[in-house]
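Engineer: from the sequence below, what's the structure:
(one chain, ligands or ions: 1)
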Amino acid sequence: MQDVNLDDGNSNINKVNLSVKITNAFKAYNPTTVILNGFNMNVEEGTIYGLLGPSGCGKTTLLSCIVGRARLDAGHIQLSVKHKKEIGYMPQELALYNEFNILETLHYFGSLYEMSFEDIKNKGEKLISIMELPPAKTQFGLMSGGQQRRFSLCTALLHDPNLLILDEPTVGLDPIISASIWEYLKDLSNCGKTIIITTHYIEEARLSNKIGLMRKGILLSEASPLEIMASCNADTLESAFLILSQMQSNAVKTEEIKTMSTQPGTTSLKNTSFFSFKRFKAQLLKNWYWSIRNWPIIMFIYFLPLIVIVTFNLTIGQMPKPIHLGIINRENSTHCPHRSFDLCDNQIPLSCKYINEMEKHISLKHYDEIQIAKEDTMDGSIWGYLKFENNYTDMTQLRYENPSAMTSEDLNESVVKASLDMSNYVVSKLIQGRIIQSYKDLSSAFKRCNTTTVTTVNSIPLKMMEPVHGTFEVNVANYGAAAVISIVELYLTFMFTALSINMEKNSGLIERSLVSGLTVFEVIISQLVVQMIMLVVQATTTFIFQFAIFKHSFLSFWIWPFSLAILQGLCGSFIGLATSIIFDDEKTTTFFGICMVLSQVFLSGIMWPIEGMNPYLKKVTMYLPLTKSIEAIRSLNARNWEISHPVVWQGFISILTWIVVAILITMLSLRLKHGIKAKR
Ligand SMILES: Nc1ncnc2c1ncn2[C@@H]1O[C@H](COP(=O)(O)OP(=O)(O)OP(=O)(O)O)[C@@H](O)[C@H]1O
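Structural biologist: Just a heads-up that it's a prediction; the model follows:
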């Protein structure tokens, strides 16, 4: 401990051991809210210093500056301790995990202080008995208010710090518990520990060795309780404080902002090392405890992509069933056999064979009256009707054998007339496809008959050869799968990272851990490790279900689409990280996440190919995180393109660029906001 000159301003110089010396401190959150206005304070080593002042006068701000969480705008803080882990900080809010039990919390904070498990256990047991806390397995959230506050104090004392900073440790406690805490603090100060304590209970502070009365950014008085009362000729500290406040108000406008040094604020507290494996392990341990305590949430996060992909495959792309279609067969319909028949039998009308083929896929309803079929279509009982004319078979045959001999009535008779309900784009397209496909299937089936009938329907002068890419069975689910997987990866990782950091930030948990020595880098790295584990599990299960169980048919070399899905998830994590640093509350974060997903749904080609998009919008969508990477996954799967193909490598470049952009935004926000900080 160094010796510091304590100048009382009257050239009466005492040489004492100071634990904290604050000189000419200035701090303002904005030009109109000056919190510290040339503030000076001296705390002697091995003493209790009671910092008193009205609510909002800046006590917490001052303590934050001392523990290194906030920076002075000007002035200097000289501490006898060098490192954060030599300070024990108990914030005003409890800032502990409700789900953790006493032992788990002590393990976490002890590991942050780089203590061994043995040491944590021994010290923890001692503190639990001194503070009369319930058994170590008791969950923090289930303890009484008084027990929680005493436990919060235990956490600050665990590593036996030399300097204790306690922000209202006795607030809300009954007098007996408060008295026992003060007694314990007295014992600690007798052992050489320095304690700075804030309280609203002015009389309670009489137990301090020294009291600082703070108001409007300055210290009105700093002396022992008896000296303060004597100097004001008051019986109680409360009345002394009132007299001093009155004197301050009457004095020359002390609330005027004093001249601030142009030098930025400084502190003697050393920066914590950038990365410590022990602290990193503590973060992982905390995440593990959190996961086992919140296993339903974790299971939900792990399995949501799986649920989405299963639901997607069970709901999208299948032929809607039942599709009812009306049939009016003027061609001797009584001749249509109900049982199976020989396709090559020329006695059976072609209409019957065609109807029979269609019935394999569509539910057909037979009508005699066209009017009734029309009415049923109008009221939605059927999706439309097909009409075969009297001489359909003969005229179809004639059409191919001798079309020049046909009259326009003959031609009309050779045509099947379809009147469909076209109000539903998807269903009407599927019905049309099915009608045409049945015709093609029939014509293929005729090939084995080897009769003249065969040629009669082998009609369309177009033959679909083996596809260059993909298969004939391709449906909209094959098209949409890449986009669904990508959006789920991006959104879930975004939400998980953003909300977990926002939640810890706003409950003061991150703040408390950072004061205990944790660095922002360690917070980010541990978050990414958890996220990576989650991502790999999510992507693996999703891929297994999509490609193996639901037999999404054209998977190329799986490693490339899988890597793209992982990169999309990482991108979501980094965007979530940046968002949680920029925005303070969970509502804004959630709103931002929803906007991001909705925009991706419409703009990245999940609903409709981007080739059909408005040309200006199309240019913009190219720069969104998912557009190019989704196209790359689709091309890898459906077209079997290699990584060297421009569409594929551009997908990788696009998502990697977004990751880099999100990291840069994160770094910039951390710099502008001076770390991960809640608004209040
Ligand atoms: N991050 C912040 N941004 C803007 N204003 C802030 C911030 N933190 C605190 N303030 C404001 O600074 C002032 C001092 O707040 P602080 O919490 O330091 O007071 P306090 O003396 O500890 O109050 P209390 O005794 O009620 O806890 C208050 O007016 C508060 O609204």
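Engineer: name the residue of the stretch 351-500 of the chain that lies nearest to the ligand.
Structural biologist: A498 (20.4 Å; C-beta to the nearest ligand atom). For the C-beta atoms, the positions are set from N, CA and C on the backbone; glycine is no exception.
Engineer: ignore what I typed, I meant the stretch 201-350 of the chain.
Structural biologist: M214 (7.5 Å).
Engineer: quick one: that residue is in a helix?
Structural biologist: No - M214 is assigned strand when assessed by DSSP: H, G, I helix; E, B strand; the rest coil, not a helix.
Engineer: isn't it right up against S55?
Structural biologist: No - taking contacts as C-beta atoms under 8 Å, M214 lies outside contact range of S55: 11.3 Å.
Engineer: okay, those two: which has more neighbours?
Structural biologist: Set M214 next to S55 and count neighbours by other C-beta atoms under 10 Å: M214 wins out with 24 against 6.
Engineer: is that one in a bridge, and if so with what?
Structural biologist: Here M214 sits in beta bridges with L219, as judged by DSSP bridges.
Engineer: buried sites along the host helix or strand of S443?
Structural biologist: Secondary structure assignment for S443, by DSSP states H and E: helix 425-445. For helix 425-445, burial by neighbour count (16 or more other C-beta atoms under 10 Å) applies to V427, L430, I431, R434, I435, S438, Y439, K440, L442, S443.
Engineer: of those, closest to D585?
Structural biologist: V427 (44.3 Å; C-beta to C-beta).
Engineer: check contacts around that closest one.
Structural biologist: Counting by C-beta atoms under 8 Å, 6 or more residues apart in numbering, V427 touches P320, I323, W383, D421.
Engineer: hmm, which of these are the buried ones?
Structural biologist: With burial judged by 16+ other C-beta under 10 Å, the buried subset of those is I323, W383, D421.
Engineer: the second one and E375: what is the separation?
Structural biologist: In other words, W383. Going from W383 to E375 by C-beta to C-beta, to the nearest Å gives 14 Å.
Engineer: ditto for the first one
Structural biologist: The gap separating I323 from E375 is 18 Å, by C-beta to C-beta.
Engineer: what's the burial count for the nearest residue to the residue of the stretch 351-500 of the chain closest to the ligand once chain neighbours are set aside?
Structural biologist: Counting by C-beta to C-beta, 6 or more residues apart in numbering, the nearest residue to A498 once its immediate chain neighbours are dropped is G576, at 3.6 Å. When counting by other C-beta under 10 Å, one arrives at 31 neighbours for G576.
Engineer: where's G576, which helix or strand?
Structural biologist: G576 belongs to helix 559-582, assigned by DSSP H and E.
Engineer: and that helix, average pLDDT?
Structural biologist: When pLDDT is averaged over helix 559-582, the result is 93.
Engineer: and the following helix or strand past it, what's buried?
Structural biologist: Downstream of helix 559-582, the next assigned helix or strand under DSSP H and E is helix 586-603. By neighbour count on 16+ other C-beta under 10 Å, the buried set for helix 586-603 is T589, T590, F592, G593, M596, V597, Q600, V601, L603.
Engineer: contacts only, for the first one.
Structural biologist: Looking back up the chat, that one is T589. Shown in contact with T589 (C-beta under 8 Å, 6+ apart): A498, L499, N502, G576, T579, S580, F583.
Engineer: the last one too?
Structural biologist: Residues touching L603, when contacts are defined by C-beta under 8 Å, 6+ apart, comprise I610, M613, L617, V620, T621, L624, T627.
Engineer: list the buried residues of the longest helix along the chain.
Structural biologist: Determined from DSSP state H, the single longest helix within the chain is helix 476-506. In terms of neighbour count (16+ other C-beta under 10 Å), helix 476-506 has its buried residues at 477-502, 504-506.
Engineer: what is it packed up against?
Structural biologist: Judged by 3 or more C-beta pairs under 8 Å, 6 or more residues apart in numbering; DSSP states H and E, the packing partners of helix 476-506 are helix 295-315, helix 509-515, helix 520-543, helix 559-582, helix 586-603, helix 627-634.
Engineer: distance from the chain centre to the second one, please.
Structural biologist: Right, helix 509-515. Taking C-alpha atoms, centre = their mean, to the nearest Å, the mean C-alpha location of helix 509-515 is offset from the chain mean by 20 Å.
Engineer: try the fifth one
Structural biologist: On the basis of C-alpha atoms, centre = their mean, helix 586-603 sits 11 Å off its chain's mean C-alpha point.
Engineer: report the angle between it and helix 559-582.
Structural biologist: Here the directions of helix 586-603 and helix 559-582 differ by 140 degrees (axes from the mean of the first three to the mean of the last three C-alpha atoms, to 10 degrees).
Engineer: what of the last one?
Structural biologist: The directions of helix 627-634 and helix 559-582 differ by 150 degrees, with the same axes, to 10 degrees as the criterion.
Engineer: circling back: just the contacts of T589 now: which is nearest the ligand?
Structural biologist: F583 (14.6 Å).
Engineer: the ligand contacts on the protein?
Structural biologist: The chain comes close to the ligand at residues 29, 33, 35, 53, 55-61, 92, 679-680, as judged by C-beta under 6 Å from any ligand atom.
Engineer: mind listing which of those residues are in helices?
Structural biologist: K59, T60, T61.
Engineer: dump those to JSON lines, plus neighbour count and pLDDT.
Structural biologist: Shown next, in JSON lines, are those (neighbours: other C-beta atoms under 10 Å; pLDDT from 0 to 100):
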{"residue": "K59", "neighbour count": "23", "pLDDT": "91"}
{"residue": "T60", "neighbour count": "18", "pLDDT": "91"}
{"residue": "T61", "neighbour count": "22", "pLDDT": "92"}
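Engineer: ok, the residues you listed vs I510, which is closest?
Structural biologist: In terms of C-beta to C-beta, no member of those lies closer to I510 than T60, at 16.3 Å.
Engineer: pull up the gap between the closest one and E132, please.
Structural biologist: According to C-beta to C-beta, T60 and E132 sit 28 Å apart.
Engineer: ok, now A578?
Structural biologist: For A578, the distance to E132 equals 45 Å [C-beta to C-beta].
Engineer: comparing these two, which residue is more hemmed in?
Structural biologist: Neighbour count, other C-beta under 10 Å: between A578 and E132, A578 has more, with 23 against 11.
Engineer: OK, contacts around that one?
Structural biologist: A578 makes contacts with A662, I665, T666, S669, as judged by C-beta under 8 Å, 6+ apart.
Engineer: for I362, same thing?
Structural biologist: So I362 contacts I323, H324, L325, I431, R434, S438 (C-beta under 8 Å, 6+ apart).
Engineer: farthest pair within those residues?
Structural biologist: Farthest apart among these by C-beta to C-beta are H324 and S438. That separation is 15.5 Å.
Engineer: re the thing from before, so who does the residue of the stretch 201-350 of the chain closest to the ligand touch?
Structural biologist: Contacts of M214 by C-beta under 8 Å, 6+ apart are F39, L51, L52, G53, C57, G58, K59, L62, L220.
Engineer: for it, give me the pLDDT.
Structural biologist: Listed pLDDT for M214 reads 89.
Engineer: and for G612?
Structural biologist: For G612, the predicted pLDDT is 87.
Engineer: buried stuff in the helix holding G576?
Structural biologist: 560-562, 564-582.
Engineer: got the CA positions of that helix in CSV?
Structural biologist: This file holds the C-alpha atoms of helix 559-582, laid out as CSV (Å, rounded to 0.1, in the frame of the first residue of the first chain):
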residue,chain,number,x,y,z
ILE,A,559,-20.4,-31.1,-46.5
TRP,A,560,-20.9,-27.9,-48.6
PRO,A,561,-24.6,-27.3,-47.9
PHE,A,562,-24.0,-28.3,-44.3
SER,A,563,-21.1,-25.7,-44.0
LEU,A,564,-23.3,-23.1,-45.5
ALA,A,565,-26.1,-23.8,-43.0
ILE,A,566,-23.5,-23.5,-40.1
LEU,A,567,-22.2,-20.2,-41.5
GLN,A,568,-25.8,-18.9,-41.7
GLY,A,569,-26.3,-19.8,-38.1
LEU,A,570,-23.0,-18.1,-37.2
CYS,A,571,-24.1,-15.0,-39.1
GLY,A,572,-27.4,-15.0,-37.0
SER,A,573,-25.3,-15.2,-33.9
PHE,A,574,-23.1,-12.3,-34.8
ILE,A,575,-26.0,-10.1,-35.9
GLY,A,576,-27.7,-11.1,-32.6
LEU,A,577,-24.6,-10.1,-30.7
ALA,A,578,-24.4,-6.7,-32.4
THR,A,579,-28.1,-6.1,-31.8
SER,A,580,-27.9,-7.0,-28.1
ILE,A,581,-25.1,-4.5,-27.7
ILE,A,582,-26.8,-1.7,-29.7
